[in-house]
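[1] Here is a sequence with its predicted model. Questions after.
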Amino acid sequence: MLRKKLLWGIGMGIVLIGASALWTGWGGLQPEQPPSEASDLCMDCHKDVTPQLVKDFQQSKKYAMGIRCEACHGGEHTSAEDFAKAQIPTPETCGGCHPDRVEQFKAGKHAFAWAAMNAMPTTHMQPMELMEGKKGCGGCHKIGLKTEEEIKAMRAAGEIHGLASCDSCHTRHSFSVEEARQPEACATCHMGFDHPHWEMWSTSKHGVRFALKRQGVLSQDAAAPSCQTCHMPEGNHEVRTAWGFLAVRLPLPEDKEWAEDRVTILKALGVLDPQGNPTSRLDVVKAADVARLTQESWQAERDKMLNTCSQCHAKVFAQAELEKGDRIIREADRLLAEGIRIVAKLYEDGLLKKPEHFPYNYPDLLAFYEVNHPIEQALFKMFLEYRMRTFQGAFHANPDYTFWYGWAEMKAALTEIKTWDRELRR
């Protein structure tokens, strides 16, 4: 049963990605159109039903431009009895007025968040309240594009959150650009266990200067980059990075030891089988564009970041700092690969029984904590917590996260793995 769920998850990821263009939505009204009598009735009623929502909307630029409720929600809902007829916006709705931003969003990694979550094997072993209910992973991954069929099913179930995507950052109903420009807009999702970007940035020199600038200690002309400065230059919604979320890429490096380590990691991610052959998971990675699979695509993203860094730093300095991050990935890969090989050898020798839902007799890092033995849990944390913090801390200019929360913990986890290995072999 679990194997079927795993295969369904991989297949669903491909389906979700492939169907991202099959959307319907209400087009936005043109700003010059006057408010209708129906719009006034909407707000007259909702002042009692959802008063703060109305206040937010009345403070928005959309309201000032004459845009009213039916632009996004349609005109079929006219009473308390037919509330289900109110259309819940999708990105296509926003695209009626903001086509460039929506197209940029669709090309970036945020658009694939829902598909990526559903493609994870571990997703289908969790209570659905944490996923579709959006009280866990789905709470952030809801920003991703969804198929027309999914949107219909969610609407039929009365689910009104997670369809619009844009409102993850531009909170409904104020839809404030200024709000979305603030680093706090990113903090809800980009924090915590496997991606403490908020904690890294806010305590880095970049984040400290941003805070001092807000406080008036520094001039308003002072250089103080926020999340959006580096990841959304000039408001470009095509958010992505050179190394991607998991810091794996192709082609393999010329450094033979690093190449071997990266192959080991790719096997443990399930994109290569234990013999090194591509699997269906590689198709998901390609379709979701979550990793750079050519030197050209990687270099294009690196050049974008280098150009951004060079607005404040000398280009030679910025390039050297980014290359340090690359080398830190190499060192972290060395430790992780050693841990993977130890656990893989225990499976091979029959001293550790692999979980039934693993597709191969090999560690499956994307199963996360759904494992049977503490040595496997240690490997999971080494991969998704400590290695992530090692390289992400480096690229977010936070040395303490890189070393103490990342590298030192990787070393400690590897020691634990080696201790369990000796124990199991004894």
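    Ah, there it is. Numbers count the residues shown, from 1 in each chain.

[2] Tell me where the model's unsure across the stretch 1-150 of the chain.
    1-39 (pLDDT under 70).

[3] can I see the domain layout of this structure?
    By the record's domain assignment, the chain is partitioned as 1-25+89-181, 30-86, 191-231, 256-425 (automatic domain parsing).

[4] mind checking the end-to-end distance for the longest one?
    To tie it back to what came earlier, the one meant is domain 256-425. One end of domain 256-425 sits 30 Å from the other (C-alpha to C-alpha, to the nearest Å).

[5] and whichever strand or helix holds F380, what does it pack onto?
    Take DSSP states H and E as the rule and F380 turns out to sit in helix 374-381. Helices and strands touching helix 374-381, by 3 or more C-beta pairs under 8 Å, 6 or more residues apart in numbering; DSSP states H and E, are helix 315-348, helix 408-425. Just so you know, the C-beta spots here come from the backbone N, C-alpha and C atoms, and that holds for glycine as well.

[6] Quick one: distance of the shortest one to the chain centre.
    Relative to the chain's own centre, helix 408-425 is displaced by 30 Å; criterion: C-alpha atoms, centre = their mean, to the nearest Å.

[7] Go ahead and list the helix or strand containing N372.
    In this assignment (DSSP H and E), N372 forms part of neither any helix nor any strand.

[8] who's in contact with the helix holding F380?
    For helix 374-381, the surrounding residues in contact (C-beta atoms under 8 Å, 6 or more residues apart in numbering) are 339-340, 343, 346, 352, 355, 363, 365, 367-369, 371, 409, 413, 416-417, 420-421, 424.

[9] Can you pull the phi/psi pair for C186?
    The main-chain torsion angles of C186 are listed as degrees, to the nearest 10 and equal phi -90, psi -20.

[10] Please report the distance of C169 from N398.
    Applying C-beta to C-beta, to the nearest Å, one obtains 23 Å for the distance of C169 from N398.

[11] typo on my end, K315
    With the distance defined as C-beta to C-beta, K315 ends up 22 Å from N398.

[12] Likewise for T147?
    Per C-beta to C-beta, T147 is found 38 Å from N398.

[13] Have a look at those two and say which one is more surrounded.
    For T147 versus N398, the count of surrounding residues by other C-beta atoms under 10 Å is larger for N398: 25 against 20.

[14] OK, contacts around the more buried one?
    Neighbour list for N398: M200, W201, T203, S204 [criterion: C-beta under 8 Å, 6+ apart].

[15] Same list (those residues) but as CSV, adding distance to S280 and pLDDT.
    Compiled in CSV, those are given as follows (distance: C-beta to C-beta, whole Å; pLDDT from 0 to 100):
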residue, distance to S280, pLDDT
M200, 34, 98
W201, 36, 98
T203, 40, 98
S204, 39, 98
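
[16] Out of those, who's the most crowded?
    With neighbours defined as other C-beta under 10 Å, the most crowded of these is W201; it has 27 neighbours.

[17] quick one: contacts for the residue nearest to E132 when sequence neighbours are not counted?
    In space, E132 comes closest to G138 once its chain neighbours are excluded; the distance is 5.9 Å by C-beta to C-beta, 6 or more residues apart in numbering. Contacts here follow C-beta under 8 Å, 6+ apart; on that basis G138 touches W114, M117, L130, M131, E132, G162.

[18] give me that answer again for 7 Å
    Applying C-beta atoms under 7 Å, 6 or more residues apart in numbering, one finds that G138 lies in contact with M117, L130, M131, E132.
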